[in-house]
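A.B. asks: Okay, structure incoming, though there's no sequence with it:
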């Protein structure tokens, strides 16, 4: 793959929940090393797009194309998309009582590497990434997200990101519910993961996340479509002025 080609690309994605169309034609092209952010009001389709791309069976992609590193992902199940290098950090990570954090991470990494993979380096990798994210070693034996605070859940999810090292990370409102200290720690982990060989799609409501993870492009999503794109300055304008100016510009363009 050349430096000028997209690592992730989707064209005219339409997605529905229970036969109701939510995403109405989204196209994106993200090159290696890039960070793209999607911002938009509640109900604009941001989380639906994230879940549909990851293969959540509750969301149906009715038309369009999506490729990761040149491979069509829409024909894959969610676990196959994960092994192909796609990762989704959930807005609300779920608890899995009875499964320890360490066993979960080991199983996930083993599934990614394949059944015959050498896992001799797992303990060293796991401990190093826990240290980098300032995760207390005692969390390794605790059940995944069971009784964890919101910040602890997000930190463990970013730990999974740094262990698996996917080609593309979709981060769906990872900043939701985090205080400033937890936000700093989580974003440090995301920046620790990010390099010139992978890419990130951030879904967020707030400029504050983008103070710590610098986007190359910012897209505004409304009513299931990306209606405006620009650089980081677009997020700053949204923070200062809200979405009314976007709505006014769209109305002027359509003559409404």
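C.D. replies: Arrived safely, thanks for sending. Just so it is clear, the model here is predicted, and its values are computed rather than measured.

A.B. asks: now the helices for the stretch 151-256 of the chain?
C.D. replies: 180-193, 207-210, 232-241, 244-254 (DSSP state H, counting those that start in this stretch).

A.B. asks: Show me how far the shortest one is from its chain's centre.
C.D. replies: Here the centre of helix 207-210 is set off from its chain's centre by 15 Å, with C-alpha atoms, centre = their mean, to the nearest Å.

A.B. asks: which helices and strands does it pack with?
C.D. replies: Secondary structure elements in contact with helix 207-210, counted by 3 or more C-beta pairs under 8 Å, 6 or more residues apart in numbering; DSSP states H and E, are helix 180-193, helix 232-241. In short, each C-beta sits where N, CA and C put it, glycine included.

A.B. asks: Tell me the spacing between the residue nearest to residue 57 when sequence neighbours are not counted and residue 124.
C.D. replies: Sequence neighbours aside, residue 78 is the residue nearest to residue 57 in space, at 7.4 Å (criterion: C-beta to C-beta, 6 or more residues apart in numbering). Noted for residue 78: a distance of 29 Å to residue 124, by C-beta to C-beta, to the nearest Å.

A.B. asks: now residue 184
C.D. replies: Taken as C-beta to C-beta, the spacing of residue 184 relative to residue 124 amounts to 26 Å.

A.B. asks: These two: who's more crowded?
C.D. replies: Between residue 184 and residue 124, counting by other C-beta atoms under 10 Å, residue 184 is the more crowded of the two (13 against 9).

A.B. asks: Return the distance of the closest residue in space to that one that isn't next to it in sequence relative to residue 145.
C.D. replies: Ranked by C-beta to C-beta, 6+ apart and with sequence neighbours excluded, the top spatial neighbour of residue 184 is residue 212, at 6.7 Å. Distance check for residue 212 against residue 145: by C-beta to C-beta, it reads 23 Å.
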